[in-house]
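> model the following, please.
(one chain, ligands or ions: 1)
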Amino acid sequence: DALPAVSRAAGAAVKAADRAHVFHSWSAQGLIDPLAVAGAEGSYFWDYDGRRYLDFTSGLVYTNIGYQHPKVVAAIQEQAAKLVTFAPAFAVEPRSEAARLIAERTPGDLDKIFFTNGGAEAVENAVRMARLHTGRPKVLAAYRSYHGGTHTAVNVTGDPRRWASDTGTAGVVHFWTPFLYRSPFHAVTEAEECARALKHLEDTIAFEGPGTIAAIVLETIPGTAGIMVPPPGYLAGVRELCDRHGIVFVLDEVMTGFGRTGKWFAAEHFGVVPDLLTFAKGVNSGYVPLGGVAISAEIAATFDKRPYPGGLTYSGHPLACAAAVATIRVMEEEGVVEHAATIGETVLGPGLRELAERHPSVGEVRGTGVFWALELVRNKETREPLVPYNPGPADNVAMAGFAAGCKANGLWPFVNMNRTHVVPPCTITPAEAEEGLEALDAALSAADAYAD
Ligand code: PLP
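As a prediction, the model looks like this:
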């Protein structure tokens, strides 16, 4: 037992320094007792006491090929030995190769890649490119969205976490997007929801003045806000409105890109090509920070005539790009994108729907690939959420009980307001997915106690 004791002491030291000196983000700031993580591999991670958890969160929805993939770890090590860093104005092999591989996989003519260090910076730069390209000031974005924690990105975001702290910036206008389960348009069918949502957007554009709008920014499938798959025809309708008014269409695929939805990019599900596409997270499974904007030929041509006045010191960092090249190759070699689609169709989708039938606390299941949400409710008929929006600790007993139930059964869940998102690595095996479904089943019984 000597080793666990040593290990436990190491874990306690990690945690003590964390508590004393790490200023955590969002709700983890001061509220949550962080788990000290000793290691991770594939779909699992473990603490210093040797307790192992199946990760149904993929970190923050980014470890699309799981933790510590040996080929990607080796590629990072090899790149570090060869050329650990080099400034962005030079052509270096991992950067040019990553850009080529990404451009080949993004839809349509999105063939130029502007690299950033993550998703928020990608959104910042996409908005800036759209404003410079059109010469217009405004951006239209969705309520129920998340686009990042930096100034423009957080103000484009439609997320209750920011209302108290960020009053909004001039030029960002929010509108409602389709979500039939809690329809802002009082629709009862998907076709009605789609038509009313498009009419609402058309009216918003007309009232704001089409000639003032640089961009419409949407997540292809809104993720953090609840994995709300848009109805057929909605994104094509937005594309049409953008074309009619010369508005740049930005699809934010930071969370949905690189296999998460069972396609390389979620836009493929809807046959839509944006003018700018933002990515990060899954591009290299988050092994080294990387994000970017994929740019259409037309917008790229604007900046051939006058240089884009922006850039970042670590844009296309060789270590991050080497990780992206290795990740994309692994995804091809191992059929990871196809696997994500299949596991969604054959294990996760059917398994989650079966849980919804048996548990009074599950109001709706929605998603695709390895991108699913369970909406937890007090009553299936009224759809009253299990906890109110933006719950404080006192409201949160039911969801806290659910999360504790998952952890007691070896599952680390993603919990946001009254939802749990099932977002494991794209590489999760059928047996691991079944194991997670069993743990969810047990934990949902705790949530059922709060439902009718
Ligand atoms: N856009 C979307 C759709 C996201 O889901 C996120 C993060 O969750 C971001 C942007 C921000 O990315 P980052 O946290 O890498 O800045």
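> let me see the contact set for Thr427.
Gly42, Ser43, Asn64, Ile65, Gly66, Glu334, Val336, His339 (CB atoms under 8 Å, 6 or more residues apart in numbering). Just so you know, the C-beta spots here come from the backbone N, C-alpha and C atoms, and that holds for glycine as well.
> show me what contacts the fourth one?
With CB under 8 Å, 6+ apart as the criterion, the residues that contact Ile65 are Val72, Ser285, Thr327, Val330, Met331, Glu334, Val336, Pro425, Cys426, Thr427.
> give me the distance from whichever strand or helix holds the fourth one to the chain's centre.
When elements are defined using DSSP states H and E, Val330 is found to belong to helix 318-333. Chain-centre distance of helix 318-333: 19 Å, with CA atoms, centre = their mean, to the nearest Å.
> next, the buried residues of that helix.
For helix 318-333, a neighbour-count test (16 or more other CB atoms under 10 Å) marks 318-328, 330-331 as buried.
> format these as TSV; extra columns: distance to the ligand and pLDDT.
As requested, these are exported to TSV (distance: CB to the nearest ligand atom, whole Å; pLDDT from 0 to 100):
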residue	distance to the ligand	pLDDT
Pro318	19	98
Leu319	17	98
Ala320	12	98
Cys321	16	98
Ala322	19	98
Ala323	15	98
Ala324	14	98
Val325	19	99
Ala326	20	98
Thr327	16	98
Ile328	18	98
Val330	21	98
Met331	19	98
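> which residues touch stretch 76-85?
Residues outside stretch 76-85 that contact it (CB under 8 Å, 6+ apart): Val92, Pro94, Tyr287, Val288, His317, Pro318, Leu319, Ala322, Ala323, Ala326.
> buried residues in that stretch, which are they?
Within stretch 76-85, judged by 16+ other CB under 10 Å, the buried ones are Ile76, Gln79.
> rewinding a little: farthest pair in the contacts of Ile65?
Distance extremes for the contacts of Ile65: the farthest pair is Val72 and Cys426 at 13.6 Å, using CB to CB.
> in terms of neighbours, single out the busier of these two.
Cys426 (30 against 24; other CB atoms under 10 Å).
> ok but that one is inside a helix, no?
No - using DSSP: H, G, I helix; E, B strand; the rest coil, the assignment for Cys426 is coil, not a helix.
> how far away is it from Lys281?
Computed as CB to CB, to the nearest Å, the Cys426 to Lys281 distance reads 12 Å.
> any common contacting residues for these two?
With CB under 8 Å, 6+ apart, Cys426 and Lys281 have common neighbours Asn64.
> show me the shaky parts of the chain.
Along the chain, the model assigns pLDDT under 70 to residues 1-4, 27-32, 163-167, 391, 393.
> so what's Leu277 up against?
By CB under 8 Å, 6+ apart, the residues touching Leu277 are Thr106, Pro107, Leu110, Val250, Leu251, Asp252, Glu253, Gly257, Phe265, Ala267, Val293, Ala294.
> so which bits of the chain are right by the ligand?
Counting by CB under 6 Å from any ligand atom, the residues of the chain close to the ligand are 60, 118-120, 123, 146-148, 219, 223-224, 252, 254-255, 280, 291.
> how about Ala142: what's its closest non-neighbour residue?
Thr177 (4.4 Å; CB to CB, 6 or more residues apart in numbering).
> where's that neighbour, which helix or strand?
Element membership for Thr177, per DSSP H and E: none, as it lies in no helix or strand.
> Gly237: neighbour count?
So Gly237, with other CB under 10 Å, has 20 neighbours.
> make residue 1 into 51 and carry on from there
In the new count, where the first residue is 51, that last one comes out as Gly287.
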